[in-house]
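# Would you be able to build a 3D model of this:
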Amino acid sequence: MRFIGLTEGLKVTKEKLPAVISVISVVLLCLLSFVGISALLEADAAAAMDRHEQEITDLIESSSQITDDLENAIESSKAESSETSALSEATTSSSFASSTESTEVTTTSGTTEPTTTTTTAATTTAATTTSATTRGTTETTVGEKTHNAIVYATKTVNLRTGPGTQYESLRLLHRGDQIDVIGVTTNGWYKTIKGNYVIASCTQSKKINTPTPTPKPATATPKPTKTPTKKPTKAPTPTNKPAPDKDKMTLVGDYTITFYIPFQGTKTASGTTCTMGRTIAASKSDFPFGTVLYIENDPLGGDGYYTVEDRGVSSGKIDIFVNSMKDVPSYGRTTRKVYIVNK
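Next up, the predicted model:
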């Protein structure tokens, strides 16, 4: 076979040179375009792969955070369950201890005081106090909660230094006496605003109206009898105290009169020293410190003039200081008209 004219056709002549150069240029341009497009596609694919990997990493981190949060929530729930169980056990224990508390019986002025401890509900947070018993060597732990209330004694009851019958009795509270409460113990005792304790079962939240005692009629002085040997002698005339000048006084009204003894020292709230026949306690809303009052028909048999030097009683009451319980009149409490002495 012959390829006639093939060599002549492949020869590059001067006339064919521009066409050859154009063809070569087009081929090179196509190659460059292909290489550029391939590089752009590879770069875009690499960027997409990086974004995909970053999304996977973020997803893994989010899952780890959610897992940690779930674990923390589970631990918190377990801790709260443990605290709830412990509180339930403590409440059960305190209820059992309250139900087994012994009965307190105190007899004063012919009045018997049976007191059985009960569990009293309280609000707010719990605090724990440790107290040592005054009779014996065993220490007991009594729980105490904040409980703000005003209660009234339902009978004659002891005010004690601690939450139990083994503690010292400071003085007697009579039926209807107001008690300002700031706490309650797990064994059924109220803590007063002065830090003393009274058993809760002998109190109630409803105010008690106490009847005004009826004064006893005065007994007539017996007339002297004549004797055959001596002249009849007249009975000695009692020396009456000079009547106060009520024109220089202002009547305040009828007040309930009670008595108290120095169970926490002899210093008063005003800084003076308690003195029988002078010192009385009254509410801040009734009389300021230093107010001189005249109590009609003085229960202690004095001249009736007293000075407000102490606090600790509610409005409408006056607490007279005495040296001991022996100085308290047999009736324990009474009602008297009270005057302010004008200076």
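# my guess is Arg160 meets Leu170, correct?
Yes. At 6.5 Å, Arg160 counts as touching Leu170 under the criterion of Cβ atoms under 8 Å. For the C-beta atoms, the positions are set from N, CA and C on the backbone; glycine is no exception.
# what residues do those two have in common as contacts?
Contact criterion Cβ atoms under 8 Å, 6 or more residues apart in numbering; residues shared by Arg160 and Leu170: Asn196.
# Is the closest residue in space to Lys246 that isn't next to it in sequence within a helix or a strand, and which one?
On the basis of Cβ to Cβ, 6 or more residues apart in numbering, the spatially nearest residue to Lys246 that is not a chain neighbour turns out to be Tyr339, at 6.7 Å. Assigned by DSSP states H and E, Tyr339 belongs to strand 334-341.
# Which elements pack onto that strand?
Counting contacts by 3 or more Cβ pairs under 8 Å, 6 or more residues apart in numbering; DSSP states H and E, strand 334-341 packs against strand 249-260, strand 292-295.
# Now do it, average pLDDT.
For strand 334-341, mean pLDDT rounds to 93.
# What of stretch 68-75?
For stretch 68-75, mean pLDDT rounds to 85.
# Could you count how many residues lie near the residue lying closest to Pro262 once chain neighbours are set aside?
Leaving aside its sequence neighbours, Pro262 sits nearest to Cys274 (Cβ to Cβ, 6+ apart; 5.5 Å). Using other Cβ atoms under 10 Å, the number of residues around Cys274 comes to 20.
# How about the backbone phi and psi for Cys274?
phi -60, psi 130 (degrees, to the nearest 10).
# which residues sit in contact with it?
Contact analysis of Cys274 by Cβ under 8 Å, 6+ apart lists Pro262, Thr266, Lys267, Thr268, Glu309, Asp310, Phe321.
# Quick check: pLDDT value at the fifth one.
Per-residue confidence (pLDDT) for Glu309: 94.
# list the contacts for the residue nearest to it when sequence neighbours are not counted?
Counting by Cβ to Cβ, 6+ apart, the nearest residue to Glu309 once its immediate chain neighbours are dropped is Thr268, at 4.4 Å. If a contact means Cβ under 8 Å, 6+ apart, then Thr268 has Cys274, Thr279, Ala281, Glu309, Asp310 as its contacts.
# Distance of the first one relative to Arg336?
Computed as Cβ to Cβ, to the nearest Å, the Cys274 to Arg336 distance reads 20 Å.
# ok, what's across the strand from the residue nearest to Val292 when sequence neighbours are not counted?
Nearest non-adjacent residue to Val292, counting by Cβ to Cβ, 6+ apart: Val341, 4.3 Å away. Here Val341 sits in beta bridges with Met249, going by DSSP bridges.
# Contacts only, for Val341.
Residues in contact with Val341, defined by Cβ under 8 Å, 6+ apart, are Lys248, Met249, Val292, Leu293, Tyr294, Tyr305.
# Of all pairs in those, which one is the farthest apart?
Within the contacts of Val341, two members stand farthest from each other by Cβ to Cβ: Lys248 and Leu293, at 13.1 Å.
# who's more crowded, these two?
The neighbour comparison of Lys248 against Leu293 (other Cβ under 10 Å) goes to Leu293, with 21 against 11.
# neighbours of His147, just the number please.
Count around His147 with other Cβ under 10 Å applied: 18.
# For the stretch 101-250 of the chain, just list every one of the strands.
With DSSP state E, counting those that start in this stretch as the criterion, the stretch 101-250 of the chain has strands at 103-108, 111-116, 126-132, 139-153, 157-160, 169-173, 178-185, 189-192, 197-199, 203-204, 249-260.
# tell me the angle of the fourth one relative to strand 169-173?
Angle, strand 139-153 to strand 169-173, by axes from the mean of the first three to the mean of the last three Cα atoms, to 10 degrees: 20 degrees.
# picking that back up, distance to Lys194 and mean pLDDT added to the helices and strands packed on strand 334-341, as TSV?
As requested, the helices and strands packed on strand 334-341 are exported to TSV (distance: least, Cβ to Cβ, whole Å; pLDDT from 0 to 100):
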stretch	distance to Lys194	mean pLDDT
strand 249-260	11	92
strand 292-295	23	94
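# ChimeraX command to pick out the buried ones of the contacts of Cys274?
The ChimeraX command for the buried members of these (criterion: 16 or more other Cβ atoms under 10 Å) is given here:
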select :262,268,309,310,321
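# nearest to Thr185, of the helices and strands packed on strand 334-341?
Closest to Thr185 of those, according to Cβ to Cβ: strand 249-260, at 23.6 Å.
# wait, doesn't the residue nearest to Lys246 sit right on Thr250?
Yes. Counting by Cβ under 8 Å, Thr250 is a contact partner of Tyr339 at 6.3 Å.
# neighbour-wise, which of the two wins?
Per other Cβ under 10 Å, whichever of Tyr339 and Thr250 has more neighbours is Tyr339, with 21 against 11.
# what about that one, distance to Val252?
Using Cβ to Cβ, we find Tyr339 at a distance of 6 Å from Val252.
# got any residues that touch both of these two?
Residues touching both Tyr339 and Val252 (Cβ under 8 Å, 6+ apart): Leu293.
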